[in-house]
Each structure stands twice: as structure tokens, then as C-alpha cells.
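# This is the structure alone, sequence omitted:
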């Protein structure tokens, strides 16, 4: 009854405050970004500029070979600007590339320089052998440069044979990848649904500290833990609502919402307890801001690793937001592992309970007069 | 109702004590004044008695509960009015009191009746954040009565209030005390202490210097004086005479017999003057 009264009071306070709406508005902003700024799948089309400094016949052979991959089988005559000059070009668009075939090496060089794309000149050397000259941007990896060298030095027939003899066996055949838009959800939901909870919880406590109402609560027959838990309930509610705002319009009913709710609640509980613990050490938000900011930065590092599949060092896996991210990802994956979010939820619940117990002791000890 | 024995408290957990070897008892139904200047240890002592600060050394019992193992049930019996108003600024006066009324296991008072009692009638639906300092203070005071406490801690209950409202607050305190409520009054205002308290303790630098009733203190330390204005050789003269010293008594008798008296007032030593005399310190 006392807990319920405190929860009702916290809801009224939150609805008349600022932070409650910050989280919800933030969720709406994220949703808008996901729907309108992030495409369903990022385009991986690259652009290249080519000049065939070859006799007419050779030029046609190369052009026709490329044209075979054109989406509509026809090239388009376009004008393209670079360095204040306009160049005529033949545009061939394939699944992966936009290829501009121009009429001079100068055009290739200027276009590559201006538009920061790769350019190439194919010509005959003194021995009537094909000679390739590349205009790179300088930031290309050694791997790419080596690949280009191999391509030009090895016979295409040999390479093709080797490619065909490669034995590729997928480890998981039932794996359905997420679209780029869906793949962006986990880091955003971790930040909006869980990490914001930590910041907002600390803010709620500092508001109460400023008004001195914690002391007033401490001289009632209600326990401090009920006061703290009522605040956690409000943060959990906003975390769940903001999480649903972000996920439902994009994922529809394709995911297990029970599992999502469980993960949102347990991770929200962990984040709020962490926010409470931080707040127990400081008098106001200004004093605590450094620690909160540092924690937020640390918690965001796994999000960077999330978008760089090749970068996944062990120490990142220790940061709590790492399993959190993977947990949300497993939930939205069409064939996601159900056990993983359950284990993550249990872990966050256990750590949350420990943090809450420590916080309760801290608050009992640090109530000042 | 309150028993304190050998109480020590240090904020830095060393020998730098904010309260040292404090011992006193408050009987049921008494109004006990805890008087001293700012930083004397009044609020620290009250903080320990109300469980806001953890007991470090000494024995303390309040309303029959040992503070070493504080029980939440104790708070059903006690009320606490803070010096600094601490109400939810985003809640209305009525919402504030209604919320706190649900945090006790005993029958609580009607928030509206309390609001009217402290002169905030008609303002019950206004958010406390829009209240003046005095109004917030009255709301804080009203909240301390919500659970019908029989042990009432009041920290500077009339600070920042205009004289009329302060008089009303004093009347409320007296009225509750007449019904048997024990009051622990912390203040540096000697006038309110003099008016309300059955006994007072003077605390300076964390130590209690004396405990007695204001009446006994005045008898013991006060010096009764008489201010007289009279006409002498066409001029108005003003003099103060002791009613204890024989020389002054003789002079006063002679003036009354020979001169035209314009005004004559008896003057009693104030509690503040006694405090200064006893402790050698002012109250601010």
C-alpha cells in the first residue's frame, strides 16, 4: 500500500516534471530517425571513373563487357562536373557500382580528385600489353591495394579457377539477417531505454535532495527501499514505453514482446539501481555529472563495436551494455536465440538486486539533517 | 519519552565531535527546549533522535524505542517539523499531506483540517512550489501532525513567520501539549522557548551547559530591575534601579517620595540574557 502510494506520487511528480517527457520525446525522435533517415538497407554502391585509352575496338570490348551487368542493359550519356569543368560520360549502373566511362585521363584524375572515388585508366604499353593506372584516394587499405596488384598480375583464368574451387560452407543455414534499419535498433534501444534510465533516475534523486523530501520520507513509517523502488517503477515504465515506441512501428508483431518486456525491465532495473547508487554519493547533478558522463561513454563503446564486426576485443564483452546489445539483437532476429536474452535478463536482475541492496544501505546512512 | 545518555557524534568519524557527552531526559507531556546558537549541535542531536543520523556512541531511546535498532514503527508515534521546508513543490498542499498520510500504519488526520489549522485554507489546490517561504513552512509544520504524533520534534517552528501566524503556531503547540503530546523544541529563539517550554537545555559547542526551567533560571540568574522616568529641576531623567540591591532600593524609594514620576516599568532578565551569562556566547 505504501509502495503503491509512493509509486502514484512519483507518477504525478514525473508527469509534472521535465525528465519524464525527455525520454518519451527522445524515443519519438529515434523512431523518426529510424523511419525517415535510416534506409531499410544502406546502399553499398560504389562509383568508379574509367578511361579506356585503347583503340576503338578494344574500347568497345571493355565497354560491352561492363554493359552486360547494367541494370537495364543500356548505358546513359551524362554530363559530370569536376574542378569547374564539365565532362561527358557514359554511365553504366550495376547492382554494386556506378561506372562513368570518360574520354580523357584528365577527366578521370579530376573526377577522382573532386568526388573522392576510385578512377582508372586502361591503356596499352609499348609492348602492346594492357596497362592499368589507378587513381586512389590514399586511405584505401593495404588489402585492397594488394588485391588490385594481384588482379593485374595474375591471369584472370587462373584466378577464376581458384575462385571456383573454393569450398564455402555456411555455419548456420537458418540465419536470416536483419535489415540495416532493424540492425540499428539495439544500440538505440540500449541508449534510450536503459542508459537514459540511469541518468533520469539520478536526476529524480537530485531533485528530491534539493527539496529535502528524502529526509521527510525518512521520518515516516515507510521504508527507504519503498521510496527508492517507487522511483525505479517510474523509470521502468518510461523505459518500457519508450522501448515499445521505438520497436513496435518497425518490428510490428514479428518479435517476442514478452521477452522484450523482460529484458527492458531487468536492464532498466539494473540501470536505475546504478543511477541510484551514483546519486547516493553526490549532492547534486553537477557534482555527479562527470561520473555519469564517463559511465555513459563506457557503456556506448560496445555500440561502436556492434557496427564494426571485425572489432570485438574481450574487454568490450565485460561492459554491461555489450550483453544488453546482443540480448536485444537476439530478440529482434527472426531466428534469434531465446536462451541468450533470458540469461542476460537473469544476470542484470541479479546485479540490479545487489546494486539496489547497496544503494538502500547507502541511502539509510547518508540521510543528512 | 526521551532518554539520552552519553551521546557523542562526529561527522568525520574522529575525535572532532559535533555532539559530546550529551545526556538528558524528556518526560511524557513535557515541552523541552533545546537552545543554542547555529552550529551548537541542536540539529545533530535531533537528527540522531529521529533516526536521520546513525547513532555512533551513547544510549538513546525515543518513545520507548531504542535508536540503536531503529524500528519503522517508531515513526508512527513521532512527528517531525523541519527548519527548512521540505515539501514536494510539484504537488499541491493537499496532495502533499494526502501522500504522507498514507505512509503511516496508524489513523491519520484529515489533510484539509490540517491545512485549515495552519491558515492555508483556500490554498489546498495550489502547488507548494508557488507558496511563499512562510506558507511552505506552515505546510511542513502541518505535515508533522498528520499521524497524530505523541512525540513531536519541532525545529525552529516559527522561523520566517509573521508574528500573527507565529502566535497561531505557538497556540497549536500549546493545544497539542495540553492533550499530552511531548514536544522536543529546537530553536535559537529564546522568546518562543520562554513562552512554551517547561524546561530548556542550553547547548554550546556540542555540550549541554545546563538544563532547567525558564522560571528557575530567571530566579537563579536574573536580576530584577526597574526603569524609572521622573522630573528633576524641570528636566526628564531616566534611571534603572535594582530591586535586590539595598542602595538602589533606597534611592528608588526616595525618588518616588520626592519626585514627579512619569513612567515606571519593572524589567525581568530575558532567557537570552541568561544564556549569554551562562555560556558566554550569543545566540546567533
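Received the coordinates, thanks. All values derive from a computational prediction rather than experimental measurement.

# The single nearest residue of the stretch 201-350 of chain A relative to chain B: what's it in contact with?
The stretch 201-350 of chain A approaches chain B most closely through residue A:212 (3.2 Å), counting by CB to the nearest CB. From N, CA and C alone the C-beta is placed, and that goes for glycine too. Residue A:212 makes contact with B:82, B:84, B:85, B:86, according to CB atoms under 8 Å, 6 or more residues apart in numbering or on different chains.

# before we move on, what about residue A:188?
A:30, A:34, A:246.

# which of the contacts of residue A:212 count as buried?
Neighbour-count burial (16 or more other CB atoms under 10 Å in any protein chain shown) applied to these gives B:82, B:85, B:86.

# Which one of those is nearest to chain A?
Taking CB to the nearest CB as the measure, chain A lies nearest residue B:86 of the buried ones among the contacts of residue A:212, at 3.2 Å.

# re the thing from before, so which of the buried ones among the contacts of residue A:212 are also by chain A?
Residues of these in contact with chain A (CB under 8 Å from any CB of the partner chain): B:82, B:85, B:86.

# ok, so of the residues you listed, who is nearest residue A:178?
Distance to residue A:178 across those (CB to CB) is lowest for residue B:86, with 50.2 Å.

# Tell me the secondary structure at that closest one.
Three-state assignment for residue B:86 (DSSP: H, G, I helix; E, B strand; the rest coil): coil.

# Could you find the closest non-adjacent residue to residue A:207?
residue A:17 (7.4 Å; CB to CB, 6 or more residues apart in numbering or on different chains).

# Could you give the backbone dihedrals for the one you found?
The phi/psi pair for residue A:17 (degrees, to the nearest 10) reads phi -110, psi -170.

# Number of residues surrounding it?
Other residues within reach of residue A:17, judged by other CB atoms under 10 Å in any protein chain shown, total 17.

# With the one 5 residues further on instead?
Neighbour count of residue A:22, defined by other CB under 10 Å: 16.

# residue contacts, it?
A:196, A:200.

# Regarding it, what is its secondary structure?
Recorded secondary structure, residue A:22: helix (three-state DSSP).

# circling back: I'd like the ones next to chain A among the buried ones among the contacts of residue A:212 as JSON lines, with distance to residue A:200 and pLDDT appended.
Formatted as JSON lines, those follow (distance: CB to CB, whole Å; pLDDT from 0 to 100):
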{"residue": "B:82", "distance to residue A:200": "27", "pLDDT": "92"}
{"residue": "B:85", "distance to residue A:200": "26", "pLDDT": "90"}
{"residue": "B:86", "distance to residue A:200": "22", "pLDDT": "91"}
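
# Can you list the strands that the helix or strand hosting residue A:52 pairs with?
Element membership of residue A:52, judged by DSSP states H and E, is strand A:46-53. Using DSSP bridges, strand A:46-53 pairs in its sheet with strand A:97-102 (parallel), strand A:118-124 (parallel).

# Which of those has the highest mean neighbour count?
Mean neighbours per residue, mean count of other CB atoms under 10 Å in any protein chain shown, is largest over the strands paired with strand A:46-53 for strand A:97-102, with a mean of 20.

# hmm, who's touching that one?
With contact meaning CB under 8 Å, 6+ apart, strand A:97-102 is reached by A:45-52, A:63, A:66, A:75, A:78, A:80, A:87-93, A:108, A:111.
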